[in-house]
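Peer 1: what follows is a protein structure lacking sequence information:
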């Protein structure tokens, strides 16, 4: 009886100690990884010292169906949906036509049984009204709870300045208001967007001016980091902070949009413990949303999850780098295992259409099971409905991979 009581008390103690988890991610626009590594901004470095810093990539797979331009709004949407352009359909910074069937991180949060409060602090209003699609029927009339934006449209409070420095003024206001809202409102999920670093690169290219404004952006991030530290010190909370960028820059620092290594190379700084995925060359901007979902304990519907191209860099993961190689009426699937000596079950599914893209449901066929350490398998296409298009999903206990095949 005494042992039982001790056990119950231990369980109650663990439950009592459980902290409420919250997350905030911060995008500073257009800052390449080599610049961060050279400057070592103190706040970004301090955040990484508690978790990790790593290079990541954007831009999809060069020359393949997922290749994606390295442009700002596209990068935000890569992160928001954990997918590339071939799915989310955001192809630039204007004439935006997102495919809302690929749920954003905010849609996932709002579809949970728990009431997740959300916050958006942004110097570009379209992040909320278009990319997230607040209030639209296609997003289930999603509503952000705490909003500080619209300043890009306010020419009275923020009149135009030389070198576009009114945008920096907006970022100053956004960072201050984000920090204050995190201190007082403490949304469960927040996005802070800081714009001016991209303008600094476009205006001056590589050089002291650009460097100075990266360091000033780091000071803006400091306000948010201090707000998070305040919440953790004074409330029963633990926070995941992710700082990242949407794209790199070309060799000169002036431009971006193409597929050079510097334009594709991004980075992630976070304060939470990371897994083996975080330091692998395949870490990408699409991994951020799945990582936040896992950290917060959110459940993503299977049909939405299986479309995600990213995978979590927190918690357990099993396999990565799914490839397809068709040969006559078969296709070889191959993958890599993070733990080659530890087999876990692998199940392979395939769909022969893409109804999900239009808002429908795909019919997945379970074609085989194997183990992660096999690192390959072969699918007989003659046993499947005839098609010129296949969606493969390879599922393990701790993550999934997907890949399209055109015939």
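Peer 2: On my side now, so go ahead. Being a predicted model, the structure only gives us computed values, none of them experimental.
Peer 1: use CA for all of it now, contacts and neighbours both
Peer 2: Will do.
Peer 1: poorly predicted segments of the stretch 1-150 of the chain, please.
Peer 2: For the stretch 1-150 of the chain, the stretches flagged by pLDDT under 70 are 1-17.
Peer 1: list the helices and strands the longest helix seen in the chain packs on?
Peer 2: When the chain is parsed with DSSP state H, its longest helix is helix 208-234. Judged by 3 or more CA pairs under 8 Å, 6 or more residues apart in numbering; DSSP states H and E, helix 208-234 is in contact with helix 33-39, helix 42-50, helix 165-184, helix 196-204, strand 237-244.
Peer 1: distance between the ends of stretch 151-162?
Peer 2: This stretch, stretch 151-162, spans 17 Å end to end (CA to CA, to the nearest Å).
Peer 1: cool, stretch 369-388 as well?
Peer 2: Stretch 369-388 stretches 24 Å from its first residue to its last (CA to CA).
Peer 1: which residues touch residue 150?
Peer 2: By CA atoms under 8 Å, 6 or more residues apart in numbering, the residues touching residue 150 are 122-125.
Peer 1: now these as a markdown table including neighbour count?
Peer 2: A markdown table is the format used below for the contacts of residue 150 (neighbours: other CA atoms under 10 Å):
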| residue | neighbour count |
| --- | --- |
| 122 | 29 |
| 123 | 27 |
| 124 | 19 |
| 125 | 18 |
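Peer 1: among those, find me the one that's closest to residue 372.
Peer 2: residue 122 (41.9 Å; CA to CA).
Peer 1: contacting residues around the closest one?
Peer 2: By CA under 8 Å, 6+ apart, the residues touching residue 122 are 148-150, 171, 174, 191-194.
Peer 1: quick one: it and residue 148, what's the gap?
Peer 2: 6 Å.
Peer 1: mutual contacts of those two, please.
Peer 2: Shared contacts of residue 122 and residue 148 (CA under 8 Å, 6+ apart): residue 174.
Peer 1: re earlier: of the contacts of residue 122, buried ones?
Peer 2: Buried residues within the contacts of residue 122, counting neighbours by 16 or more other CA atoms under 10 Å: 148-149, 171, 174, 191-194.
Peer 1: neighbours around residue 305, how many?
Peer 2: For residue 305, the count of nearby residues is 21 (other CA atoms under 10 Å).
Peer 1: ditto for residue 62
Peer 2: Counted with other CA under 10 Å, residue 62 comes out at 12.
Peer 1: wait, doesn't it sit right on residue 259?
Peer 2: Yes: with contacts counted by CA atoms under 8 Å, residue 62 reaches residue 259, the gap being 7.2 Å.
Peer 1: quick one: neighbours of residue 154, just the number.
Peer 2: Number of residues near residue 154 (other CA under 10 Å) recorded here: 11.
Peer 1: sorry, slip of the keys, the one I care about is residue 327.
Peer 2: 11.
Peer 1: now residue 67
Peer 2: Residue 67: 16 surrounding residues under other CA under 10 Å.
Peer 1: with the one 5 residues further on instead?
Peer 2: As a burial measure, the neighbour count of residue 72 was computed by other CA under 10 Å and equals 22.
Peer 1: and residue 364, by the same measure?
Peer 2: Residues lying near residue 364 (other CA under 10 Å) number 16.
Peer 1: now it. Nearest residue, chain neighbours left out?
Peer 2: Spatial nearest neighbour of residue 364, excluding adjacent residues (CA to CA, 6 or more residues apart in numbering): residue 351 at 4.6 Å.
Peer 1: number of nearby residues for that neighbour?
Peer 2: Neighbours of residue 351 under the rule other CA under 10 Å: 20.
Peer 1: do I have it right that it meets residue 388?
Peer 2: No: contact criterion CA under 8 Å: residue 351 and residue 388 do not qualify, at 11.2 Å.
Peer 1: hang on, the earlier thing: of all pairs in the contacts of residue 122, which one is the farthest apart?
Peer 2: Largest separation among these by CA to CA: 150 and 191, giving 14.8 Å.
Peer 1: about what we covered before: between the contacts of residue 150, which sits nearest residue 238?
Peer 2: Looking across the contacts of residue 150 and measuring by CA to CA, the closest to residue 238 is residue 122, at 23.4 Å.
Peer 1: ok, the closest one to residue 281 distance?
Peer 2: Distance, residue 122 to residue 281, by CA to CA: 30 Å.
Peer 1: and residue 100, by the same measure?
Peer 2: 29 Å.
Peer 1: more neighbours: which of the two?
Peer 2: It is residue 100, of residue 100 and residue 281, that has more neighbours when counted by other CA under 10 Å, with 24 against 11.
Peer 1: ok, that one to residue 307 distance?
Peer 2: The value you get for residue 100 to residue 307, if CA to CA is used, is 13 Å.
Peer 1: repeat for residue 118
Peer 2: According to CA to CA, residue 118 and residue 307 sit 23 Å apart.
Peer 1: next one: residue 296
Peer 2: 20 Å.
Peer 1: who has more neighbours out of those two?
Peer 2: The neighbour comparison of residue 296 against residue 307 (other CA under 10 Å) goes to residue 307, with 22 against 19.
Peer 1: pLDDT at the more buried one, what is it?
Peer 2: Note for residue 307: predicted pLDDT of 98.
Peer 1: is it true that it touches residue 83?
Peer 2: Yes: Residue 307 is in contact with residue 83 according to CA under 8 Å; the separation is 7.3 Å.
Peer 1: quickly list what's touching both of the two.
Peer 2: Counting by CA under 8 Å, 6+ apart, the shared contacts of residue 307 and residue 83 are residue 102.
Peer 1: what about the helices in the protein?
Peer 2: Going by DSSP H, the chain shows helices at 2-17, 33-39, 42-50, 72-81, 85-88, 105-110, 126, 165-184, 196-204, 208-234, 261-264, 288-296, 302-305.
Peer 1: could you tell me the angle between the longest one and strand 237-244?
Peer 2: Here the directions of helix 208-234 and strand 237-244 differ by 170 degrees (axes from the mean of the first three to the mean of the last three CA atoms, to 10 degrees).
Peer 1: now do the third one
Peer 2: Direction vectors for helix 42-50 and strand 237-244, defined by the same axes, to 10 degrees, enclose an angle of 120 degrees.
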